[in-house]
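Peer 1: What shape does this take:
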Amino acid sequence: MFKALVVADNDGSLDVSVRDVDETELPEGDVVVDVEFSTVNYKDGLAVVHGKPVVRSFPMVPGIDLAGTVSTSESERWAVGDRVLLNGFGVGEGHWGGFGQKARVKGEWLLEVPDAFTTAQTMAIGTAGYTAMLCVQALEDQGLAPADGDILVTGAAGGVGSVAIALLAARGFRVIASTGRPEESEYLTVLGAAELIDRTELGEPGRPLGKERWAGAVDAVGSHTLANVLASTSYGGTVAACGLAQGPDLAATVMPFIIRGVTLVGIDSVMAPRSRRERAWAALAAELDPATLESMVETIALSEVPGVAARILEGAVRGRIVVDLNR
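Peer 2: Residues are numbered from 1 along each chain as shown. As a prediction, the model looks like this:
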């Protein structure tokens, strides 16, 4: 038996509870992981608070991230005792995820924990931080360099935003942070933001083209914010879009693309191929300062996840939340 946070559909009413689960209830897979740490992402908040549409079958153990040690393996790739991590692949949505002390998964979904990190640190990064690195690499793959101008980060105090600011600043970019939480100005400045703007500047319907303000952007917000980000991106700039905290709609025009040659790059972290994942995690291990990472992190027990899930949907969570499965 092990403890897990289980989301169940009780005659149309969502039931969320931490309970004992028998290992025989685990879904199919060729590797069992003793989960040590997970993390709460925006998608996890949706799963725990609302269930559907994130949760595709009930009962479900949410948690799109996990890290721990292999306890049994039928995979040629993994041996008992290996330190592994997992991001995405529908785990926590259609396959039981990281909010349990054990997880049975497909070995092809797992990555080795980089030597530079503990399992806890990989979950301090989690899907949010790994996505942030995918965004930064996408900008640089399009040729953006610090000399080209400022980089905007929206949703700056959240998980993706926090890590993106730290990574961009460490690479020499001047970062503008867009946030609706002015009380987090010191936190964002310490991470590396050179300038802060209020998210209301970008959050309402705007003009098809605005003043050229930044060479590129990392956007985790979507909707009107993304449309306005595109409208104010400089000639030849690139925007990496990875989230929809404001909404999935995009009421934009083609003008930024055909007049300024702006590139919009979509970032998918869930089904990204192994080569892209390994590249991102190798860069995180080489570049992300452990002290900076520690400044972003709050560690909670499994029983605290429902409360944090509600807070993350309200935009009231700063940085990264690590879930200690043995706390």
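
Peer 1: avg pLDDT for whichever strand or helix holds Leu188?
Peer 2: In this structure, Leu188 is located in helix 185-191 according to DSSP states H and E. Mean pLDDT, helix 185-191: 95.

Peer 1: mind saving the C-alpha coords of it as PDB?
Peer 2: Extracted C-alpha coordinates of helix 185-191, given in PDB (Å, rounded to 0.1, in the frame of the first residue of the first chain):
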ATOM      1  CA  SER A 185       9.000  43.200  -7.800                       C
ATOM      2  CA  GLU A 186      11.900  42.500  -5.600                       C
ATOM      3  CA  TYR A 187      11.600  38.700  -6.300                       C
ATOM      4  CA  LEU A 188      11.600  39.300 -10.000                       C
ATOM      5  CA  THR A 189      14.500  41.800  -9.900                       C
ATOM      6  CA  VAL A 190      16.600  39.300  -7.900                       C
ATOM      7  CA  LEU A 191      15.900  36.700 -10.600                       C
END
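
Peer 1: what's the next secondary structure element after that helix?
Peer 2: Following helix 185-191 in sequence, per DSSP H and E, is strand 193-198.

Peer 1: Who are the packing partners of that next one?
Peer 2: Applying 3 or more CB pairs under 8 Å, 6 or more residues apart in numbering; DSSP states H and E, one finds that strand 193-198 contacts helix 159-170, strand 175-179, helix 185-191. Every residue, glycine included, has its C-beta placed from N, CA and C.

Peer 1: any low-confidence regions in the stretch 151-300 of the chain?
Peer 2: Nowhere does the stretch 151-300 of the chain drop to pLDDT under 70.

Peer 1: what about the helices in it?
Peer 2: 159-170, 185-191, 223-231, 255-259, 274-287, 290-295 (DSSP state H, counting those that start in this stretch).

Peer 1: for those, which one sits closest to Val33?
Peer 2: helix 274-287 (16.7 Å; CB to CB).

Peer 1: between the closest one and helix 159-170, what angle do the directions make?
Peer 2: Taking axes from the mean of the first three to the mean of the last three CA atoms, to 10 degrees, one finds helix 274-287 and helix 159-170 inclined to each other by 60 degrees.

Peer 1: Spatially, what comes nearest to the spatially most central residue of the chain if we skip its sequence neighbours?
Peer 2: Nearest to the mean C-alpha position of the chain, by CA atoms, centre = their mean, lies Ala128 at 1.7 Å. What sits nearest to Ala128 in space, not counting adjacent residues and going by CB to CB, 6 or more residues apart in numbering, is Gly159, at 3.0 Å.
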